[in-house]
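Student: What follows is a predicted structure for the sequence shown.
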Amino acid sequence: MNTREQVLELQQRIGESIIGQEDVISKILTGLLTDGNILLEGLPGLAKTRAVKALASNLDCKLSRIQFTPDLLPSDVTGTEVYQPQSEEKFIFQQGPIFSNLVLADEINRAPAKVQSALLEAMEERQVSVAGKTHKMEPLFMVLATQNPIEQEGTYPLPEAQLDRFVMKVEITYPDHDSEIKIIRLVREESKAKPETKPAFPQSLIFDARKEINEVKVNDAAEKYIADIISATRYPGQFSKELEKWISYGASPRGSISLDKCSRVAAWLAGRDYVTADDIRASVHDVLRHRLILSYEANVAGMNADKVIDELLKTVAVA
């Protein structure tokens with residue numbers, strides 16, 4: 001199998017243990033292939049943790065899970081210096097759970113700002129600083145943060161600057177009726193006997209895929225379409241009176257970079273070496289929904305980010 005076929009096989013394997021969430025699996029893989037971080041938002045019990053564990057079990061990599069709580073300290077995430085009287089250096093750095101390939105940051109908005117900022121450095125700089133020393137992360141590194149959309153008591157909402165660090169925000173919804181029945185049967189069978197495990201794919205598969213994705217072509221028309229979409233979030237009055245009423249602040253250049261990366265992954269997974277407008281439209285909701293700051297008028301009108309993006313796509317012409 002070539003690189004793309006192996007990635008699709010990896011996606012299929014994950015899908016065997018996660019029923020009814022094919023789109024979520026695809027978005028998680030997209031985040032990994034873009035070398036980005038993912039924010040997963042959904043109600044408890046919708047297989048967020050299970051999806052990440054399935055990815056880790058089918059890819060030869062380490063997984064750590066951090067349960068974020070209000071009493072968590074930055075050192076609980078990054079690690080700390082430990083005094084060793086028998087050692088010549090006296091202080092030895094003991095790595096925290098952030099030093100892994102896949103890091104599941106569960107309910108990230110329950111941790112205070114200091115802990116979130118410690119995670120932010122690891123996400124953006126791929127390093128942590130402890131006691132004046134810098135410690136590098138693994139070459140394959142990805143943070144998958146989760147948050148509950150309805151339980152906001154005792155939480156610390158993520159600031160816009162940190163939200164911008166996530167390449168995508170993926171919303172997880174309930175599975176359909178037929179998928180619900182398959183889930184019941186799957187868990188019942190798993191309780192009887194563990195399914196046979198296949199050999200995990202090596203980490204080199206992801207790095208090889210990234211090299212091929214970097215070669216996917218984005219022509220001038222596709223680049224203009226991406227730029228026009230981002231421009232419409234910043235200067236909505238130039239595109240539509242409705243957009244001007246609904247959008248207070250638009251996407252930063254990270255939005256256009258992320259949209260370019262995710263569009264190239266979508267094209268590559270579809271077996272093409274060039275990006276189309278459909279690839280861009282398929283990625284735009286996940287890339288922009290956490291980057292738009294909506295106005296009071298939008299909230300009164302019952303408009304959420306996805307509805308605003310729908311209107312934006314109707315307004316912005318394909319180049």
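Tutor: In hand now; what should we look at?
Student: Distance check, Ser256 against Asp279.
Tutor: For Ser256, the distance to Asp279 equals 14 Å [C-beta to C-beta, to the nearest Å]. In this view, the C-beta of every residue, glycine as well, is placed from N, C-alpha and C.
Student: what's the nearest residue to Thr173 if we skip its chain neighbours?
Tutor: Leaving aside its chain neighbours, Thr173 sits nearest to Gly42 (7.0 Å; criterion: C-beta to C-beta, 6 or more residues apart in numbering).
Student: give the contact list for that neighbour.
Tutor: Contacts for Gly42 (C-beta atoms under 8 Å, 6 or more residues apart in numbering) come out as 48, 146, 148-149, 171-173.
Student: Out of those, flag the one nearest to Gly20.
Tutor: Thr173 (9.4 Å; C-beta to C-beta).
Student: Please confirm that the closest one is located within a helix.
Tutor: No - checked against DSSP: H, G, I helix; E, B strand; the rest coil, Thr173 lies outside a helix; its state is coil.
Student: returning to that earlier point: if any of the contacts of Gly42 are buried, put those into a ChimeraX selection.
Tutor: The buried subset of these, as determined by 16 or more other C-beta atoms under 10 Å, is captured in ChimeraX by this line:
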select :48,146,148,171,172
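Student: And the residue nearest the centre of the chain, how far from Thr30?
Tutor: Centrality entry for the chain: nearest residue to the mean C-alpha point is Ile38, 1.2 Å, by C-alpha atoms, centre = their mean. Distance check for Ile38 against Thr30: by C-beta to C-beta, it reads 8 Å.
Student: Identify the contacts common to these two.
Tutor: By C-beta under 8 Å, 6+ apart, the residues touching both Ile38 and Thr30 are Met168.
Student: Tell me the residue in the protein that is farthest from the middle.
Tutor: Farthest-out residue of the chain from its mean C-alpha position, per C-alpha atoms, centre = their mean: Gln86, at 42.9 Å.
Student: Could I get the phi/psi values of the residue nearest to Thr173?
Tutor: phi -180, psi 160 (degrees, to the nearest 10).
Student: Tell me the confidence at it?
Tutor: For Gly42, the pLDDT comes out at 85.
Student: how close does it sit to Leu10?
Tutor: 22 Å.
Student: name the element Phe207 belongs to?
Tutor: helix 204-214 (DSSP states H and E).
Student: Remind me what that helix packs against, helices and strands.
Tutor: helix 3-17, helix 22-33, helix 253-269 (3 or more C-beta pairs under 8 Å, 6 or more residues apart in numbering; DSSP states H and E).
Student: can you list these in JSON lines and add mean pLDDT, mean neighbour count and distance to Asn299?
Tutor: Converted to JSON lines, these look like this (pLDDT from 0 to 100; neighbours: other C-beta atoms under 10 Å; distance: least, C-beta to C-beta, whole Å):
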{"stretch": "helix 3-17", "mean pLDDT": "93", "mean neighbour count": "17", "distance to Asn299": "36"}
{"stretch": "helix 22-33", "mean pLDDT": "94", "mean neighbour count": "22", "distance to Asn299": "26"}
{"stretch": "helix 253-269", "mean pLDDT": "96", "mean neighbour count": "22", "distance to Asn299": "21"}
